[in-house]
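**Q** dropping a prediction and its sequence here:
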Amino acid sequence: DAGVIQSPRHEVTEMGQEVTLRCKPISGHNSLFWYRQTMMRGLELLIYFNNNVPIDDSGMPEDRFSAKMPNASFSTLKIQPSEPRDSAVYFCASSFAGVSGNTIYFGEGSWLTVV
Amino acid sequence: KQEVTQIPAALSVPEGENLVLNCSFTDSAIYNLQWFRQDPGKGLTSLLLIQSSQREQTSGRLNASLDKSSGRSTLYIAASQPGDSATYLCAVRQGSSASKIIFGSGTRLSIRP
């Protein structure tokens, strides 16, 4: 399997623009997580889905952030409008819930810079 | 609310030494605990996963232990090498296999040749 695939890998955008980050989880996995990592705050869970349904979005910082998972093989994280403080690395991760183990696998991240 | 803490934030040791990284968590009702490695500019790579019913897991020079009642886990690295230099993060999954995963802030490890 190719692992968790994220795009874009790097994005630089101007304040106020819309940003859409994309994620393809590992085939067969039924849990998907979006994390944000910064030097100051470390790795923060933004939202996670089970079977395409959002379970906990309490980590989404504000209404400018939204996430969708229209099917088992695709998810998006959207920021609109973007602000400089949104600059961070955004990770998508997936796992299979329901069996012992259920290791979580991470993508390589989307490096976002808002100027 | 679960909180995961890793101390120290940074550690530097000479090559060849054995070392221990620490992780503590406030809520003992965990499903499992996982240790990750992160290299600069990269994603996270899973090293070891310990189920709540287990006491330890081993992989090569790595050994992870779990004491759920005291809310602690350790990652033991034997005969450290410069290639072990990275940030090590622990993460706990709450309650069930479908629950969220909370990360510690990591320990940045540097192995001096």
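**A** That came through, no problem.
**Q** from here on, just use CA atoms for contacts and neighbour counts.
**A** OK.
**Q** do the helix or strand bottoming out on mean pLDDT in chain B and chain A meet?
**A** Lowest by mean pLDDT, DSSP states H and E among the helices and strands of chain B is strand B:101-103, with a mean of 91. Yes - for strand B:101-103, a contact with chain A is found by Cα under 8 Å from any Cα of the partner chain, at B:101, B:102, B:103.
**Q** strand partners (parallel or antiparallel) of that strand?
**A** Sheet pairing of strand B:101-103 (DSSP bridges) gives strand B:86-94 (antiparallel).
**Q** please compute how far the strand it pairs with lies from its chain's middle.
**A** 5 Å (Cα atoms, centre = their mean, to the nearest Å).
**Q** show me what it is in contact with.
**A** B:4, B:6, B:23, B:25, B:29-40, B:99-110 (Cα atoms under 8 Å, 6 or more residues apart in numbering or on different chains).
**Q** and the residues you listed, which of them are in strands?
**A** In strands, judged by DSSP state E, the following of those are found: B:4, B:23, B:25, B:30-38, B:101-103, B:107-110.
**Q** quick one, which of the residues you listed are buried?
**A** Among the ones in strands among the contacts of strand B:86-94, those classed as buried by 16 or more other Cα atoms under 10 Å in any protein chain shown are B:4, B:23, B:25, B:30-38, B:101-103, B:107-110.
**Q** residues of chain A that sit close to chain B?
**A** A:31, A:41-45, A:48, A:50, A:56, A:91, A:97-109.
**Q** distance of the residue in chain A positioned nearest to chain B from residue B:42?
**A** Relative to chain B, the nearest point of chain A is residue A:108 (4.4 Å; Cα to the nearest Cα). Between residue A:108 and residue B:42 the distance is 6 Å, computed by Cα to Cα, to the nearest Å.
**Q** quick one: contacts for the residue nearest in space to the middle of chain A?
**A** By Cα atoms, centre = their mean, chain A has its centre lying nearest to residue A:34, at 3.0 Å. Residue A:34 is in contact with A:45, A:46, A:47, A:48, A:77, A:90, A:91, A:92, A:93, counting by Cα under 8 Å, 6+ apart.
**Q** tell me where chain A has strands.
**A** Along chain A, counting by DSSP E, strands occupy A:5-7, A:10-13, A:19-24, A:31-38, A:42-50, A:53-56, A:65-71, A:74-79, A:88-95, A:105-106, A:110-114.
**Q** chain A contacts on chain B?
**A** Contacts of chain B with chain A, taken as Cα under 8 Å from any Cα, map to B:32, B:34, B:42-46, B:49-51, B:97-98, B:100-105.
**Q** out of those, which are buried?
**A** B:32, B:34, B:43-46, B:49-51, B:97-98, B:100-105.
**Q** which positions in the helix or strand containing residue B:58 come out as buried?
**A** Per DSSP states H and E, residue B:58 falls inside strand B:56-59. Neighbour-count burial for strand B:56-59, counted by 16+ other Cα under 10 Å, picks out B:56, B:57.
**Q** which neighbouring elements make contact with that strand?
**A** Judged by 3 or more Cα pairs under 8 Å, 6 or more residues apart in numbering or on different chains; DSSP states H and E, strand B:56-59 is in contact with strand B:44-51, strand B:62-67.
**Q** low-confidence regions, the chain specifically.
**A** The chain I'm using is chain A. Applying pLDDT under 70 to chain A picks out residues A:1, A:98-101.
**Q** wait, I meant chain B there
**A** Those would be none, if you go by pLDDT under 70 across chain B.
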